[in-house]
Every structure is written in C-alpha cells, then in structure tokens.
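1. prediction below, plus the sequence it came from.
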Amino acid sequence: MPRPHRVHVDGGFYHVTLRGNHQQNIFVAEGDQRLPNQIVERAIDKYGARLHAYCWMTNHLHFLLQVGQEPMGKPMGQIAAEFARAMQSKLHTTGHFFERRYHATLVDEESYLKSVVRYIHLNPVVAGIVDNPRDFLWSSHRAYLGAPHEPWLVTDFVLQNFGSTREHAVAAYENFLDIEENDWPPAQKDRRESDFGSEKSVPPRRQADPPQQRQSLSDLIAEACSRFGVCLEGLTSPVRDEYMTIVRAWVANQARVRHVASLAEVARELCRHEATLRQAMRRYPKEIE
C-alpha cells in the first residue's frame, strides 16, 4: 500500500515523533543525547525551519517543529538519517534504526500548541525518569524557565501565549505544567518506568496497581498516548490520519480483549462511529495486536 501524502502547511506547526525500531533504546552511551542538538541545528538552518520544543527520551525523540517553505520531510529526513548513521557506526549494525517514518500531527490551535509543549516536557515525568521536568537534562523545559539554551531553540513564540511579559509568561507556564495527576491525559500513574524504554537502573516512580483492579477506558487511552507518542487531542480530532486511525483501532481492540469497554463506549470517547472503528480494526489486524 502506498504511503499517504504528508500535508504541508507553509509555516505550520507539527508535533513530530521518531521512535527506535522495536521501541529499543536509541542512545548508546552517556552523553549521546547531545548529538541530536548538532544534527537538528544543521537541518533547521538548511531548510528554514524553527524548533519550539524538544525532548530526547531513551527510545524516542519529540519535536515541536515549525516548517518553512520546504516540506517537513526534508529536515526530518536529514535528522533521522544523520542520527541513524551516527548511532549505527557505534553499534556496528545496519538496517532500520527507527521504527517507521516519523509520525507528525499538525498543531492548528493555540490551546493545542500549549498542550503539545506540556506533553513534550512532561514525558520524562510520565515515564518515571524524574519527578520534576527541571531535573531532565535533555529537553527544552529549562530553557522555557530562562536557563541558557541553544541559539536555534525558539521559546518566545509559545511563551507569549502565557503572558504579556516574560516574567508573567514563565510563571503561567510553570503553573500550566503543575497539574493534578488525573488532569493529564497522557500520564498513566501505574505504568512501570521500563515500559517506556528507559534505563533499568532507574526504579519505577510508582508501583503498579493490584492485578485484580480493572483498567478504565481513560487509562487505556492514556496508555495508547504514551505507547504511540500521540496526544489525546489528536486521537479525538476530526483529522483523518492513517497513524491516528491505527492507534484508535488499537484502543478499540485492547478495550475488547481486556474487557475494559464496549466498542460503542470507545467510539463515544474517541468521537468516532462504531462502524469506523470496526473497519479500522479489520484493516490493520497486525498493527493493533
């Protein structure tokens, strides 16, 4: 089946994810997380793009990328290719380094833009790597708080949506990230840290719930968000996207297998029709196992 064409919006904002093949770690040694910075700088300079937020997780990379006149495939293609070659030279391997083509979601609303930045910066907290995003070295969160940062990172555009002065904007931004556990859709408080591909030496931040406790549909959707690197807003949006379709089908299938919810309940939660989910489950049987 041919790949669907990417939608190019000149000047558009995209939440982009690159995930390691088979969800394996993409960094070999301590300090390898500095490598994406060099590669990203070259790519965005060459293709006139802007980077507004990032997070280099252990088995995947997150970007909030604003494209210029060149389509996103050009800077992202260069970033993926350069990074893969550098890591494979260390591992002495060949073949696919990333799981699939990068996944990208168009960010077309101001509220969604802020939510994407929050999602990106809270990834290490959700994964149980750190308790506070300030403690994670490989994201743009501390730059948003005023710490020195790479010259190619743009923070002012997002911060201006939080306040008229930088001081007020930073305070509002921090408050925006300081949320209750149950108010953060992608967070899943009973996920073990190793499920996110992080170092085994780091203990899980929370213990799993007892096996007899039944998982809720909201927890299952949160699991899907973390597993596939998507946002709740994307899953429930009216935008037709093949990758999102597969994630929704995975949720519907897992809800059935785990006896979490009926197809009708999943359809209502994801703002879809039952027939649409049923068709997607038939279309992608291997992808949703």
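-> Happy to help now that I have it. Residues are numbered from 1 along each chain as shown.

2. let me know the helix or strand that Leu64 is in.
-> Taking DSSP states H and E as the definition, Leu64 sits inside strand 60-66.

3. next structured bit after that strand?
-> The first helix or strand that comes after strand 60-66 along the chain, using DSSP H and E, is helix 73-91.

4. and the strand holding Leu64, average pLDDT?
-> Average pLDDT, strand 60-66: 91.

5. what's that strand in contact with?
-> 11-20, 23, 26, 36, 40, 44, 49-56, 72, 75-76, 107, 113, 116-117, 120, 123, 154, 158, 197, 229 (CB atoms under 8 Å, 6 or more residues apart in numbering). Bear in mind the C-beta positions are built from the backbone N, C-alpha and C, glycine included.

6. out of those residues, which sit inside helices?
-> Among the contacts of strand 60-66, the ones falling in helices (DSSP state H) are 36, 40, 44, 75-76, 113, 116-117, 120, 123, 158.

7. any weak-confidence spans in the stretch 101-250 of the chain?
-> Counting by pLDDT under 70, the stretch 101-250 of the chain has low-confidence residues at 101, 179-214, 239.

8. burial measure for Leu137, as a count.
-> When neighbours are counted by other CB atoms under 10 Å, Leu137 registers 12.

9. repeat that for Arg272.
-> Based on other CB under 10 Å, the number of other residues close to Arg272 is 20.

10. related to what we said a few turns ago, turn the ones in helices among the contacts of strand 60-66 into a markdown table, including distance to Gln215 and neighbour count.
-> Converted to a markdown table, the ones in helices among the contacts of strand 60-66 look like this (distance: CB to CB, whole Å; neighbours: other CB atoms under 10 Å):
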| residue | distance to Gln215 | neighbour count |
| --- | --- | --- |
| Pro36 | 34 | 22 |
| Val40 | 37 | 25 |
| Ile44 | 40 | 23 |
| Pro75 | 38 | 26 |
| Met76 | 34 | 23 |
| Leu113 | 31 | 19 |
| Val116 | 26 | 23 |
| Val117 | 28 | 26 |
| Ile120 | 25 | 24 |
| Asn123 | 21 | 24 |
| Val158 | 34 | 21 |
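
11. dump the residues you listed to a markdown table, plus distance to Glu30.
-> As requested, these are exported to a markdown table (distance: CB to CB, whole Å):
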| residue | distance to Glu30 |
| --- | --- |
| Pro36 | 15 |
| Val40 | 20 |
| Ile44 | 26 |
| Pro75 | 27 |
| Met76 | 26 |
| Leu113 | 33 |
| Val116 | 29 |
| Val117 | 27 |
| Ile120 | 22 |
| Asn123 | 19 |
| Val158 | 30 |
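
12. one step back: give the partner strands of the strand holding Leu64 in its sheet and their orientations.
-> Here strand 60-66 is paired, per DSSP bridges, with strand 13-19 (antiparallel), strand 50-56 (antiparallel).

13. how far out from the middle of the chain is that strand?
-> 8 Å (CA atoms, centre = their mean, to the nearest Å).

14. report the angle between that strand and helix 73-91.
-> Comparing the axes of strand 60-66 and helix 73-91 via axes from the mean of the first three to the mean of the last three CA atoms, to 10 degrees yields an angle of 160 degrees.

15. any buried residues in strand 60-66, and which?
-> Buried residues in strand 60-66, counted by 16 or more other CB atoms under 10 Å: 60-66.

16. just stretch 231-246 next, same as before
-> Within stretch 231-246, the residues that qualify as buried are 231-237, 241, 243-246, counting by 16+ other CB under 10 Å.

17. and if you look at stretch 139-158?
-> 139-144, 153-155, 158.

18. contacting residues around Ser164?
-> Contacts of Ser164 (CB under 8 Å, 6+ apart): none.

19. do the same with Lys114
-> The neighbours of Lys114, taking CB under 8 Å, 6+ apart as the test, are 158, 161-162, 176.

20. relative to Ala267, how far out is it?
-> Using CB to CB, to the nearest Å, Lys114 is found at 28 Å from Ala267.

21. follow-up on the earlier one: export the contacts of Lys114 to a markdown table and tack on secondary structure?
-> Below are those laid out as a markdown table (DSSP: H, G, I helix; E, B strand; the rest coil):
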| residue | secondary structure |
| --- | --- |
| Val158 | helix |
| Asn161 | coil |
| Phe162 | coil |
| Phe176 | helix |
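
22. can you pick the most crowded of the residues you listed?
-> When neighbours are taken as other CB under 10 Å, the top entry among these is Val158 (21 neighbours).

23. which residues does the closest residue in space to Thr17 that isn't next to it in sequence contact?
-> Nearest residue to Thr17 in three dimensions, chain neighbours excluded: Gly229, at 3.8 Å (CB to CB, 6 or more residues apart in numbering). By CB under 8 Å, 6+ apart, the contact set of Gly229 is 17, 19, 60, 62, 103.
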